[in-house]
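Kindly generate the corresponding structure for this input.
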Amino acid sequence: MHKQKRGERFRKYLNTEVQVEYKACLYFFCILFFYCCYLLFQKVYAASILHMAEMIFCTYAMGYVQICLLGNFDEAERFGIKELLSAMGCAAVYAFLSYACGWFDKKIGVTIGFAAFLLIGYGCLFLVNRIKRGAETRELNAMLEAYKKDEKRRD
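Down below sits the predicted model:
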């Protein structure tokens, strides 16, 4: 019994880690894309490794916040007020961190644009997750139907 509980806790922990990894990769890409576009518009062709390290650290930390404290809002069934407020809060935290770390040279306009870009990103990821869930549901239903047909043939 104790071994079974430990195994279940480990699976839950592992599931959370995979979800955090997924979010960290996606949001790091979004942040890095915006950062690189910003640098290109400044005619700067090299990115700061320190800034990238800060970005990936922030995305991992925010991944845990999103999953453990905010109910994994970007993977919710619907995008209501609670999810919108969560997305706005996360975008605001990222904007604050970008300003504090100087990712965009502490330019307020760019920082606000970054926050808006992240809000759009949260909305897009919500839609992608919804489409993915729908496709997985259809696939599971098809597998269930095939299993039922196979069971009827055996009877």
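
Please name the residues that touch residue 44.
Counting by CB atoms under 8 Å, 6 or more residues apart in numbering, residue 44 makes contact with nothing. From N, CA and C alone the C-beta is placed, and that goes for glycine too.

With residue 105 as the reference, measure out to it.
Noted for residue 44: a distance of 10 Å to residue 105, by CB to CB, to the nearest Å.

do residue 111 as well
Residue 111 is 10 Å from residue 105, where distance means CB to CB.

Could I get the full set of helices for this protein?
2-41, 49-64, 81-101, 108-154 (DSSP state H).

now those in TSV, with distance to residue 71, mean neighbour count and mean pLDDT?
Formatted as TSV, the helices of the chain follow (distance: least, CB to CB, whole Å; neighbours: other CB atoms under 10 Å; pLDDT from 0 to 100):
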stretch	distance to residue 71	mean neighbour count	mean pLDDT
helix 2-41	12	14	92
helix 49-64	13	17	97
helix 81-101	8	17	96
helix 108-154	13	13	91
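
Of all those, which one is nearest residue 72?
The closest of these to residue 72 is helix 2-41. By CB to CB, the value is 7.0 Å.

Could you name the helices and strands sitting against the closest one?
With contacts defined as 3 or more CB pairs under 8 Å, 6 or more residues apart in numbering; DSSP states H and E, the packing partners of helix 2-41 are helix 49-64, helix 108-154.

could you redo the ones you listed as a markdown table and give each row distance to residue 4?
Output for the helices and strands packed on helix 2-41, formatted as a markdown table (distance: least, CB to CB, whole Å):
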| stretch | distance to residue 4 |
| --- | --- |
| helix 49-64 | 26 |
| helix 108-154 | 26 |
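
any idea how far residue 106 is from the residue most central in space within the chain?
By CA atoms, centre = their mean, the mean C-alpha position of the chain lies nearest to residue 23, the distance being 3.0 Å. Separation of residue 23 from residue 106 (CB to CB) stands at 26 Å.
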